[in-house]
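Colleague: I would like the atomic coordinates for the input below:
(one chain, ligands or ions: 1)
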Amino acid sequence: MTAGIDFFPATAEGKPEHSRLDISSKAFWAGTADEREARFAQLRAEDPVSWQRPVEDAVAPDPHDPGYWALVKHADIVRVTRDSKGFISGQGVLMDLLPARFLETTQSFMAMDAPRHDVLRRLVSSAFTPKQISRLDDQIKQAAKEIVDSFASDPSGEIEFVSQCAELLPTRLFCDMFGVPQELRKQTIKAAADIVAWADPETIGERSAAEVGLQASEILHGVAAELIAARRTNPTDDLFTNLVQAEVDGQHLTDFEIGAFFVLLSVAGTDTTKHTSAWTAKAMTDFPGQREWLKADYDGRINTALEEFVRFASPVMNMRRTATQEVELGGKRILPGDKVVMFYPSGNRDADVFTDPDKFELSRDPNPHVGFGGGGIHYCLGNQLAKGALRALFKELLTRIPDFQAGEPSLLGTNFMRGVTRMPFTFTPEKA
Ligand code: HEM
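Modeller: Okay, here's the model as predicted:
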């Protein structure tokens, strides 16, 4: 995936000054979501395609890196995402500069281009068809019920929402899909959370960010290797078995390819949904009228509302592409090799597309948000599964402890996930 990285060396030649509206400092990403949004609003108005200096304190700094173009308008994000020949993923999709080994072991086909991307994606897509997802529906509902059972009648009427609720459903579904046994679940879930926290001071502590990420990816590859070997001898009906048996152009996937896909999904499928649940609980506290609107006809309104959950949360903050040809965007000349980073939370607050973008408006329809990406070949493969989990969880919460109140969230300090690490959550206990 990093092969060909020198093919289009990015250069500072012909570039403007780095933008005075800087979004590369560590301080910027350590700030609050509102502070970041204020800067993005300024960029949308004054410099929608800005030339930014390289990320400060990158995990694996590159002295030759001239910087990147930052796209903050909805239309530009959609245009770049849908042009997968003009803007490729095979040279990396993260904004931060990370060690090559980390990228190889974690990104799977998200950081590949056609035709290899399409072949691998087709292969795993069979686990994500609407039919497959609806087969999982009862399992998802049951899991959501059990999770809410675990605290709804607690007389304290108080939990820490992220660890006691938000993270439980997506991690359980992920482990169920892959058939991860109970005894390996704790370490799998911890490693999956560590992988996206590479720049978060609270997670990395005294260790280096590269060390934390690499160690977590090795743990996940270890779990995958163990399960791949087990499924070869004893096939079951889980995703590992499908991947072990699958053939692409007459060839089997290598253990490493299967492991990298497992790592990709351990993050893509869990943290994203977890943070969306947390931001949604907070938004329902801040916009009580919206909660009442949804409760009045949950089943009839939830599918429209789910799009707003994702727009408002925008848990994935950015994805990168690399330009393969010269092109003009927002009046700027992008050259082959230039890095182009798309900022989804900003696109989702673009007033050219969304009326009152800062309002959590559950009846918003149409809602062409870019929370799952701007379309095209990399569009989120798990979007239906994520929506199924959110639908089931909020049904339980809104019917059983409908007066819940979320307190102030503590935030993950990275430039990739708009994440909540802890959030107080209170409610009137359900009568046991
Ligand atoms: C609310 C929850 C979620 C959000 C906001 C989200 C968001 C995203 C975004 C922004 C992308 C990149 C799109 C692009 O580059 O154009 C993506 C890709 C992906 N997502 Fe999700 N995601 C979520 C849940 C899930 C779940 C539950 C799974 C699987 C279990 C999943 C699997 C994937 C995969 C495999 C890709 C890579 C697709 C490709 O490159 O072809 N996601 N997601």
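Colleague: Output the residue of the stretch 101-250 of the chain whose distance to the ligand is smallest.
Modeller: Closest contact between the stretch 101-250 of the chain and the ligand, by C-beta to the nearest ligand atom, is at Met110 (3.8 Å). Placement of C-beta: from N, CA and C, glycine included.
Colleague: In contact with that residue, which residues?
Modeller: By C-beta atoms under 8 Å, 6 or more residues apart in numbering, the contact list for Met110 reads Ser89, Val93, Leu264, Ala268, His378.
Colleague: what separates it from Arg231, distance-wise?
Modeller: As judged by C-beta to C-beta, to the nearest Å, Met110 and Arg231 stand 23 Å apart.
Colleague: still on that earlier bit, narrow the contacts of Met110 to those in strands?
Modeller: Using DSSP state E to define strands, no part of these is located there.
Colleague: From those residues, which land in helices?
Modeller: Mapping the contacts of Met110 onto helices (DSSP state H) picks out Leu264, Ala268.
Colleague: Next, give me the two most distant ones among the contacts of Met110.
Modeller: Pairwise distances across the contacts of Met110 peak at 13.8 Å for Ser89 and Ala268 (criterion: C-beta to C-beta).
Colleague: Okay, and the beta partners of Asn318?
Modeller: Counting by DSSP bridges, Asn318 is bridged to Phe343.
Colleague: Confirm for me that it is in contact with Val93.
Modeller: No. Asn318 is beyond contact range of Val93, at 9.1 Å (criterion: C-beta atoms under 8 Å).
Colleague: Compare neighbour counts for the two and give me the winner.
Modeller: Between Asn318 and Val93, counted using other C-beta atoms under 10 Å, Asn318 has the larger neighbour count: 24 against 21.
Colleague: tell me the contacts of the more buried one?
Modeller: Asn318 touches Met95, Val341, Met342, Phe343, Tyr344, Asn415, Phe416, counting by C-beta under 8 Å, 6+ apart.
Colleague: Quick check: which of these are also close to the ligand?
Modeller: Tyr344 (C-beta under 6 Å from any ligand atom).
Colleague: among the contacts of Asn318, who's most crowded?
Modeller: The most crowded member of these, judged by other C-beta under 10 Å, is Met342 (30 neighbours).
Colleague: thinking that one is in contact with Val316, fair?
Modeller: No. With contact defined as C-beta under 8 Å, Met342 does not reach Val316; the gap is 9.9 Å.
Colleague: do you know how far Thr399 is from Lys145?
Modeller: Separation of Thr399 from Lys145 (C-beta to C-beta): 10 Å.
Colleague: Check Thr254 too.
Modeller: Look at Thr254 and Lys145: by C-beta to C-beta, they are 39 Å apart.
Colleague: between the two, which one's more packed in?
Modeller: More crowded of Thr254 and Lys145, by other C-beta under 10 Å: Lys145, with 16 against 10.
Colleague: contacting residues for the more buried one?
Modeller: Contacts for Lys145 (C-beta under 8 Å, 6+ apart) come out as Glu396.
Colleague: and the nearest residue to Ala386 once chain neighbours are set aside, what element?
Modeller: In space, and not counting its chain neighbours, Ala386 is closest to Thr273: 4.8 Å by C-beta to C-beta, 6 or more residues apart in numbering. Per DSSP states H and E, Thr273 falls inside helix 271-286.
Colleague: For the following helix or strand past that helix, which outside residues touch it?
Modeller: Sequence order places helix 288-296 as the next helix or strand after helix 271-286, per DSSP H and E. Outside helix 288-296, the residues that touch it by C-beta under 8 Å, 6+ apart are Ala283, Met284, Arg301, Ile302, Ala305, Phe360, Glu361, Leu362, Ser363, Phe394, Leu398, Pro402.
Colleague: Ends of stretch 94-106, what's the gap?
Modeller: 11 Å (C-alpha to C-alpha, to the nearest Å).
Colleague: Tell me which residues touch the residue of the chain found nearest the ligand, please.
Modeller: Distances between the chain and the ligand by C-beta to the nearest ligand atom are smallest at Gly382, namely 1.9 Å. Gly382 makes contact with Phe128, Leu265, Ala268, Gly269, Thr272, according to C-beta under 8 Å, 6+ apart.
Colleague: Am I right that the last one is in contact with Asn383?
Modeller: Right, the one you point to is Thr272. No. Look at Thr272 against Asn383 with C-beta under 8 Å: they stay out of range, at 9.8 Å.
Colleague: which of these two has more neighbours?
Modeller: Per other C-beta under 10 Å, whichever of Thr272 and Asn383 has more neighbours is Thr272, with 25 against 17.
Colleague: Name the nearest residue to that one, sequence neighbours excluded.
Modeller: Here the residue nearest Thr272, using C-beta to C-beta, 6+ apart, is Pro315, at 4.9 Å.
Colleague: and this protein, which of its residues are near the ligand?
Modeller: Contact residues, the chain versus the ligand (C-beta under 6 Å from any ligand atom): 81, 109-110, 121, 264-265, 268-269, 272-273, 276, 310, 315-316, 319, 344, 371-373, 376, 378-382, 385-386.
Colleague: Now Gly374. Its backbone dihedrals?
Modeller: Here is the backbone geometry of Gly374 (degrees, to the nearest 10): phi -90, psi 20.
Colleague: That should have said Arg422, apologies.
Modeller: According to degrees, to the nearest 10, Arg422 has phi -150, psi 150.
Colleague: burial count for the closest residue to it other than its chain neighbours?
Modeller: Distances taken as C-beta to C-beta, 6+ apart put Ser410 closest to Arg422, at 4.4 Å, once the chain neighbours are dropped. Residues lying near Ser410 (other C-beta under 10 Å) number 15.
Colleague: Could you tell me what pLDDT the model assigned to Ser410?
Modeller: We have a pLDDT of 95 for Ser410.
Colleague: From Asp249, how far off is it?
Modeller: Taking C-beta to C-beta, one finds Ser410 at 47 Å from Asp249.
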